[in-house]
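A.B. asks: Need coordinates for the below:
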Amino acid sequence: MAAVAESSARSKPPRPSFGVYVERYGIIAIWALIAIIFSLLRPQSFATLTNLKTILGTQAVLLVLTLGLLVPLTVGEFDLSVASMMSFAAIVVAELSGVHHLNLILSILVTLAIGVGVGLLNAFVVVRLGVSSFITTLGVGTLLGGLSYGISGSVTIGAVPSVLLTFASKLIFGLPLAFYYGVLLCFAVWYVFQHTPLGRHLVFVGEGREIAQLSGLPVRRIRTGSLIVSALVASFAGLLQAGVVGAADPGAGTSFLLPAFAAAFLGATAIRPGRFNAWGTFVAVYFLVTGITGLELLGYTGWVQDVFYGGALVIAVALGRVVANSRVKSR
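C.D. replies: From the prediction side, this is the model:
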């Protein structure tokens with residue numbers, strides 16, 4: 001009996017240390033602390049249910065865009081075209097359905113198909129030709145930005161069908177449907193990353209392509225698929241953006257690129273430190289907007305967003321490197 005008890009005791013995994021909990025959930029504690037501080041400083045404006053709904057609802061498009069970005073980042077690819085893809089998708093669906101009165105469903109399918117096409121273009125140049133994903137997607141993003149201005153005539157298209165507005169902005173419990181789409185996508189990404197062989201393969205490819213190739217994984221197909229998924233999700237984010245705003249602005253995507261990367265890298269320091277993950281990204285998106293909202297309510301407007309997002313990106317990348325180095329030393 002003693003031997004059995006000893007064997008079962010050995011089989012039990014060790015409990016995580018306090019430091020591990022701090023590493024995983026420290027950002028949530030800081031998020032709560034920031035919310036408390038701003039609630040005390042601005043109880044009439046920050047600590048309200050209306051402000052909470054505004055914070056959750058207005059960042060839904062950013063959350064969706066960032067979740068799509070996680071896939072190529074996990075396999076070691078950068079997709080700098082996602083924000084331009086989002087704007088281009090919004091312009092296309094507004095132009096087709098609102099200006100030319102094409103059937104909305106068909107307009108949406110065309111928009112998503114264009115997203116797949118852009119993903120294939122990125123994948124062809126990056127995977128097949130071997131060009132850096134950073135350079136490739138930067139060029140494709142600039143191309144899409146120019147096309148957005150060309151198609152729209154450099155003006156905002158306000159003719160967005162009411163059905164698309166309802167699809168993205170209808171309120172349920174005070175929050176727009178776009179928020180629930182973001183949460184559902186969080187669950188989907190979390191499930192794929194955590195509970196499927198594909199999720200493990202993505203991580204494996206990101207940690208070492210040559211080893212993954214020798215192990216028999218279809219590395220090229222995985223890299224190609226990651227860039228297609230990123231562009232497709234960015235297209236969906238563009239549909240949501242058009243529905244939430246009620247218009248399509250050709251330059252709207254510019255303001256989303258830095259926040260998306262900042263949230264992705266900051267999210268990789270939480271929940272599952274060292275890995276891009278869905279719930280860490282969710283926390284990071286709303287952690288950042290909570291800080292920005294609080295500072296704006298204190299009167300710091302204009303420059304706050306760039307400082308906050310830029311600083312968060314630098315800190316997140318630095319923390320990610322520290323975590324990676326510490327894990328290598330522990331081995």
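A.B. asks: What average pLDDT does the strand or helix carrying residue 28 get?
C.D. replies: Assigned by DSSP states H and E, residue 28 falls within helix 18-41. Mean pLDDT, computed over helix 18-41, is 78.
A.B. asks: who touches whatever helix or strand comes next after that helix?
C.D. replies: Beyond helix 18-41 in the direction of the C-terminus, DSSP H and E gives the next helix or strand as helix 49-58. With contact meaning Cβ atoms under 8 Å, 6 or more residues apart in numbering, helix 49-58 is reached by 45, 174, 175, 176, 178, 179, 286, 289, 290, 293. Yep, even glycine has a C-beta here, placed from its N, CA and C like the rest.
A.B. asks: Distance check, the second one against residue 133.
C.D. replies: Read it as residue 174. 40 Å (Cβ to Cβ, to the nearest Å).
A.B. asks: who has more neighbours, the two?
C.D. replies: Each of residue 174 and residue 133 has its neighbours counted (other Cβ atoms under 10 Å); residue 133 has more, 23 against 13.
A.B. asks: residues in contact with the more buried one?
C.D. replies: 72, 77, 78, 79, 122, 126, 227.
A.B. asks: what about 7 Å?
C.D. replies: By Cβ atoms under 7 Å, 6 or more residues apart in numbering, the contact set of residue 133 is 77, 78, 79, 126.
A.B. asks: Also residue 107?
C.D. replies: By Cβ under 7 Å, 6+ apart, the neighbours of residue 107 are 93, 96, 97.
A.B. asks: out of the contacts of residue 133, which is most surrounded?
C.D. replies: Result: residue 79 is most packed of the contacts of residue 133 (other Cβ under 10 Å), 31 neighbours.
A.B. asks: confidence score at that one?
C.D. replies: At residue 79, pLDDT is 93.
A.B. asks: which of the contacts of residue 107 tops the neighbour count?
C.D. replies: So for these (other Cβ under 10 Å), the most neighbours sit at residue 93, 30 neighbours.
A.B. asks: pretty sure that residue contacts residue 242?
C.D. replies: Yes - assessed by Cβ atoms under 7 Å, residue 93 is found in contact with residue 242 at 5.8 Å.
A.B. asks: Show me the residue at the heart of this protein, geometrically.
C.D. replies: For the chain, the residue sitting closest to the mean C-alpha position, by Cα atoms, centre = their mean, is residue 66 at 0.9 Å.
A.B. asks: so what's the backbone phi/psi at it?
C.D. replies: Dihedral angles of residue 66 (phi, psi; degrees, to the nearest 10) stand at phi -70, psi -40.
A.B. asks: give me every residue that touches it.
C.D. replies: Residue 66 neighbours (Cβ under 7 Å, 6+ apart): 260, 263, 264, 281, 285.
A.B. asks: Next step: these restricted to helices.
C.D. replies: 260, 263, 264, 281, 285 (DSSP state H).
A.B. asks: of the residues you listed, closest to residue 315?
C.D. replies: Among the ones in helices among the contacts of residue 66, residue 263 lies closest to residue 315 (Cβ to Cβ), at 12.5 Å.
A.B. asks: now the contacts of residue 66 as a markdown table including neighbour count, distance to residue 37 and pLDDT?
C.D. replies: Below are the contacts of residue 66 laid out as a markdown table (neighbours: other Cβ atoms under 10 Å; distance: Cβ to Cβ, whole Å; pLDDT from 0 to 100):
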| residue | neighbour count | distance to residue 37 | pLDDT |
| --- | --- | --- | --- |
| 260 | 29 | 26 | 92 |
| 263 | 32 | 21 | 90 |
| 264 | 25 | 26 | 92 |
| 281 | 29 | 24 | 93 |
| 285 | 29 | 20 | 92 |
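A.B. asks: could you dump those residues to TSV with distance to residue 203?
C.D. replies: Conversion of the contacts of residue 66 to TSV gives the following (distance: Cβ to Cβ, whole Å):
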residue	distance to residue 203
260	20
263	19
264	15
281	15
285	22
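A.B. asks: And the next helix or strand past the helix or strand where residue 189 lies?
C.D. replies: Using DSSP H and E, residue 189 maps to helix 177-195. Beyond helix 177-195 on the C-terminal side, the first helix or strand identified by DSSP H and E is helix 197-207.
A.B. asks: hmm, back to that, give me the buried entries from the contacts of helix 49-58.
C.D. replies: With neighbours counted by 16 or more other Cβ atoms under 10 Å, the contacts of helix 49-58 contain buried members at 45, 175, 176, 178, 179, 286, 289, 290, 293.
A.B. asks: between those, which is nearest residue 165?
C.D. replies: Checking those against residue 165 with Cβ to Cβ, the nearest one is residue 176 at 10.0 Å.
A.B. asks: Look up the residues forming beta bridges with the closest one.
C.D. replies: residue 171 (DSSP bridges).
A.B. asks: what about the nearest residue to residue 271 once chain neighbours are set aside, how many neighbours?
C.D. replies: Nearest residue to residue 271 in three dimensions, chain neighbours excluded: residue 280, at 4.1 Å (Cβ to Cβ, 6 or more residues apart in numbering). Number of residues near residue 280 (other Cβ under 10 Å) recorded here: 26.
A.B. asks: Would you agree residue 280 is in contact with residue 274?
C.D. replies: No - assessed by Cβ under 7 Å, residue 280 is found out of contact with residue 274, at 10.2 Å.
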